[in-house]
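S.K.: Here's a sequence, model it:
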Amino acid sequence: MISDPAGKDATWTKISANKDGWFEGDALDNAYVYIPFQSPDERTVILSAQGDSAVYINGTIRTGDPYQYGYLELPIQLHKGRNDLLFVCSRGRLRAELKVKPTNFVTVNTGDLTAPDLIKGEKKEQCVGVVVSNNSDHDITGYRIRTTRADGVNTQIEIPTVPAMSIRKVPAKISADPNAKLGNVDYIVSIVDPTNKPIDSQKITLRVVQPLDTQKRTFISGIDGSVQYYAVTPAQKTSSQNALVMSLHGASVEALGQAQAYAPKDWASLVAPTNRRPYGFDWEDWGRLDFNEVFQIAQTFPHDPQRVMLTGHSMGGHGTWSIGSWYPGSFAAIAPSAGWLSFWTYTGAYEPKNPDDPMEQILRRAENSSDTATFRSNLVQPSIYILHGDKDDNVPVAEARNMFEYLKKITDRAQYFEQPGAGHWWDNNPAPGADCVDWAPMFKMFRSATLPVAPLEVDFTTVNPAVSSTCRFVSILQQQKSLAPSRVRFSSPIGGVFSGQTENVQTLSIDYMQPQLWGLGLSLDGQRVMVDNVPKGPVVFRKAYGTWSIAPSLKDTEKSPMRGGPFKQAFQRNMLFVYGTQGTADENSWANAKAHYDAESFYYRGNGAVDVIPDKAFNNNKTKNRNVILYGNADTNSAWDSLLRESPVQVRRGALGVGEHLYSGADLSCMFLWPRKGTKDGLVGVISGTGPIGFRANDRLPIFLSGCEYPDWIVFRPNVFTAGPAATVAAGFFDSDWRIDANQSEFKNRE
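M.R.: Sure thing, here's the model as predicted:
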């Protein structure tokens, strides 16, 4: 007998799979499914499961396949005798299969390929992402991955370390054949050992397309070194006066399918990022970062920088609202189709049960970057076209109507069209392009929309400078209150004085080199700040004790837009997972399993690839260009001292301290981030605990999930899953100097 989160008794019920091997029904919504398996001997098999969000295999957590993609195949080690498989299910279905022993100790899995199209006539190498499965009990190093085209020409590169009994998506190189004909072309992908002997090989098929066809292109992500792709429909006539249209896909849609929903345009290139997966991150978190990476690449397509547009459908419509609000100076026009504003308006998201509880306020504020309503006032700047079907049974039309009513109050550049009788996806015109995205009136607006040239007016709100800090010539560098809305408003100079008003801003910079702008100086919040000469670059202003003054540039030791938190920002810069090996067998086993589970989870949810190493292999000096995610505590992870010696959060076996506040017990869990010393933007993310119970309570708290955020640091006990915020022992934000900020921290049950 066990209790559910509501405190009600829950019991195990016997279930059976249907004829197709699926367990189905309402009972599988937010449930566990236990399947014992008797093995005649110790053996390695492949677990192929769909519908689970995670699975415990003899007590060790592994990632699941909640979206039922079908390509997740995990090597697992079975004991002789009974093996316990406990599946965590949340979507009402589960299918699980143990496949036969792998043919080799390391194999290629081409079922989840990230591959480009080959452009006819192009000679340059392309990158491909291929899954490698390590079916052995030791890490695989020193092997290479080789791709061979039909005429025997091959390219090979070294495979990054693939952990024991795990999978990793690795980059491979494709040597393009400039003489290849249009259509499909085959390559052989092989793993070769250090002696150049092939171990396992699989065939992959790529498309060869014309230069102006809709096509997939790949690149290496700076987040984790993984291969990602985007789709593009190039402008059919090249011109520096063309427009650039960024288009965001909906849930379960691929970037290629998104791009193919538009007819080619003579006057515009259309670029569709991936959000890293068909479901991905709702264009938040790593989805937003993927957009930013592709957006930078898209600048190489010939276009007028003043003619950049943003659009998207469904989840991509949400991305249009949120990204358009985050980066208001970037787009001449935005156009969401069937879009929802935020988790709070669409699905219902976390709100404090007790709004006066300081702990709940901190936890809620950590999620503000997902709450588009808090910074949608930025949409006063672009032209806007809203499109929605009035019979949409997926995203309620009220999402569009409510946003239009709001926009009418702040801008006269918003248009709205509601298609009578239309559902979520609709196309009533036989001409190329789907009407619900390739809508003629919308693209008519795109044809004429342009960004203003050197505008003097700014009205900009951000809730996190590490996500969005700059609009036009103004940058918000530091906040007084972390993750609360910060706003700057500047109007045209009057009487030679440039005036601005700020809210929740501690430090800002202005980068505007027009002599007439400065005149007699600058007025901030009614206070004159004299500027002697026309600046040659950004001027930094800091508010201290209510007074603004010119200040030096931010120090590397301060919070900044490059690193400011909260916790999940540590997972955004060439991250390296380091697990502890200096603890007990139980502690070390947890750290190893959790690090590899997180790496597998990021592969599954974010098409990612992460290096995972033990603490004894970590070299602080040789990894300064990387963020580190540390698993363990000061007693169990030897990398702790070199990375976290000066941190005000310290965790040891049986005890935890946050500044002057001390807590004891083996059941405390802790997550926090800390600046990596000697770098301008490096961070250390820490997943820690005071004992086995505290360590394991971290396992089920989601990290790679949009809309789920944590403050800079948080301490909690295992009953967080049933008690919620009441089980949070302490939480808060660091100040601008990375010190515990008493005004932004809450401590319970002090000892």
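S.K.: you'd agree residue 297 is in a helix?
M.R.: Yes - if the criterion is DSSP: H, G, I helix; E, B strand; the rest coil, then residue 297 is within a helix.
S.K.: Make sure it is actually in contact with residue 230.
M.R.: Yes - at 7.2 Å, residue 297 counts as touching residue 230 under the criterion of Cβ atoms under 8 Å. Where you see a C-beta, it was placed from the backbone N, CA and C, and this is true even at glycine.
S.K.: These two: which is more packed in?
M.R.: residue 230 (26 against 15; other Cβ atoms under 10 Å).
S.K.: Does the more buried one lie in a helix or a strand, and which?
M.R.: Assigned by DSSP states H and E, residue 230 belongs to strand 227-233.
S.K.: Need the three-state assignment for the nearest residue to residue 362 once chain neighbours are set aside.
M.R.: Leaving aside its chain neighbours, residue 362 sits nearest to residue 731 (5.1 Å; criterion: Cβ to Cβ, 6 or more residues apart in numbering). With three-state DSSP as the basis, residue 731 sits in strand.
S.K.: pLDDT score for residue 731?
M.R.: Model confidence at residue 731, given as pLDDT, is 98.
S.K.: beta partners of it?
M.R.: Listed by DSSP bridges, the beta-bridge partners for residue 731 are residue 714, residue 746.
S.K.: need the contact list for the residue most central in space within the chain.
M.R.: For the chain, the residue nearest the mean C-alpha position is residue 286 (1.6 Å; Cα atoms, centre = their mean). Each residue near residue 286 by Cβ atoms under 8 Å, 6 or more residues apart in numbering is listed here: 223, 276, 280, 571-572, 606, 608, 704.
S.K.: tell me the residue furthest from the middle of this structure?
M.R.: The chain, farthest from centre, Cα atoms, centre = their mean: residue 495 at 46.1 Å.
S.K.: That residue and residue 521, how far apart?
M.R.: Going from residue 495 to residue 521 by Cβ to Cβ, to the nearest Å gives 11 Å.
S.K.: Also residue 405?
M.R.: Per Cβ to Cβ, residue 405 is found 40 Å from residue 521.
S.K.: The two: which is more packed in?
M.R.: Between residue 405 and residue 521, residue 521 has the larger neighbour count (other Cβ under 10 Å), namely 14 against 11.
S.K.: I'd assumed residue 531 was in contact with that one.
M.R.: Yes - because the distance of 5.4 Å satisfies Cβ under 8 Å, residue 521 is recorded as touching residue 531.
S.K.: still on that earlier bit, what pairs with the strand holding residue 230, parallel or antiparallel?
M.R.: Assessed with DSSP bridges, strand 227-233 is paired to strand 215-220 (antiparallel), strand 268-272 (antiparallel).
S.K.: who's in contact with the last one?
M.R.: This means strand 268-272. Residues outside strand 268-272 that contact it (Cβ under 8 Å, 6+ apart): 230-235, 242-249, 255-256, 258-259, 262, 294-295, 298, 301-303, 309, 443, 446.
S.K.: Now residue 589: closest residue in space, sequence neighbours ignored.
M.R.: residue 60 (7.7 Å).
S.K.: And the pLDDT for that neighbour?
M.R.: Looking at residue 60, its pLDDT reads 96.
S.K.: Is it correct that it is in contact with residue 593?
M.R.: Yes - Residue 60 lies in contact with residue 593 (Cβ under 8 Å); the separation is 4.9 Å.
S.K.: who's more crowded, these two?
M.R.: Neighbours per residue (other Cβ under 10 Å) separate residue 60 from residue 593, with residue 593 holding more: 21 against 17.
S.K.: By residue count, which strand of this protein is the longest?
M.R.: Taking DSSP state E as the criterion, the chain has its longest strand at strand 198-209.
S.K.: Give the buried residues for that one.
M.R.: 199-200, 202, 204, 206-209 (16 or more other Cβ atoms under 10 Å).
S.K.: Quick one: list the elements packing against that strand.
M.R.: strand 106-114, strand 118-119, strand 183-192 (3 or more Cβ pairs under 8 Å, 6 or more residues apart in numbering; DSSP states H and E).
S.K.: Ok, which of those strands comes nearest residue 82?
M.R.: Using Cβ to Cβ as the measure, strand 106-114 is the one of these that comes nearest residue 82, at 27.3 Å.
S.K.: Which neighbours in the sheet does that closest one have, and how are they oriented?
M.R.: For strand 106-114, the paired strands and their directions (DSSP bridges) read strand 126-134 (antiparallel).
S.K.: where do the strands sit along the stretch 451-600 of the chain?
M.R.: Ranges of strands within the stretch 451-600 of the chain are 458-462, 470-471, 474-478, 486-490, 497-503, 507-510, 521-524, 527-529, 539-544, 547-551, 576-579, based on DSSP state E, counting those that start in this stretch.
S.K.: In CSV, list these along with mean pLDDT and distance to residue 711.
M.R.: Listed next are those as CSV, based on pLDDT from 0 to 100; distance: least, Cβ to Cβ, whole Å:
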stretch, mean pLDDT, distance to residue 711
strand 458-462, 96, 17
strand 470-471, 95, 24
strand 474-478, 97, 17
strand 486-490, 96, 17
strand 497-503, 90, 21
strand 507-510, 95, 21
strand 521-524, 84, 29
strand 527-529, 90, 32
strand 539-544, 94, 23
strand 547-551, 94, 27
strand 576-579, 98, 22
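S.K.: Make CSV from those and add distance to residue 616 to it.
M.R.: Converted to CSV, these look like this (distance: least, Cβ to Cβ, whole Å):
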stretch, distance to residue 616
strand 458-462, 41
strand 470-471, 42
strand 474-478, 38
strand 486-490, 43
strand 497-503, 49
strand 507-510, 41
strand 521-524, 52
strand 527-529, 53
strand 539-544, 43
strand 547-551, 43
strand 576-579, 10
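S.K.: Just the buried positions in the longest helix belonging to the chain, please.
M.R.: When the chain is parsed with DSSP state H, its longest helix is helix 585-606. Buried residues in helix 585-606, counted by 16+ other Cβ under 10 Å: 587-606.
S.K.: Would you indicate which residues of stretch 127-140 are buried?
M.R.: 127-136, 139-140.
S.K.: ditto for stretch 526-537
M.R.: Of all the residues in stretch 526-537, those buried under the rule 16+ other Cβ under 10 Å are 529, 531, 535.
S.K.: Please report the distance of residue 222 from residue 149.
M.R.: In this view, residue 222 and residue 149 are 29 Å apart by Cβ to Cβ.
S.K.: who's more crowded, those two?
M.R.: Neighbours were counted for residue 222 and for residue 149 using other Cβ under 10 Å; residue 149 has more, 19 against 14.
S.K.: and residue 40, what does it touch?
M.R.: Residues in contact with residue 40 (Cβ under 8 Å, 6+ apart) are residue 80.
S.K.: which residue sits closest to residue 744 in space, ignoring its chain neighbours?
M.R.: Going by Cβ to Cβ, 6+ apart, residue 744 has residue 733 as its nearest residue, at 4.3 Å.
S.K.: surely that neighbour meets residue 565?
M.R.: Yes - counting by Cβ under 8 Å, residue 733 does reach residue 565; the two are 6.7 Å apart.
S.K.: Quickly list what's touching both of the two.
M.R.: With Cβ under 8 Å, 6+ apart as the test, residue 733 and residue 565 both reach 482, 711-712.
S.K.: Show me what the longest helix of the chain is packed against.
M.R.: Using 3+ Cβ pairs under 8 Å, 6+ apart, helix 585-606 sits against strand 60-63, strand 166-174, strand 576-579, strand 611-614, strand 628-631, helix 692-696.
S.K.: For the fifth one, which residues meet the burial criterion?
M.R.: Within strand 628-631, the residues that qualify as buried are 628-631, counting by 16+ other Cβ under 10 Å.
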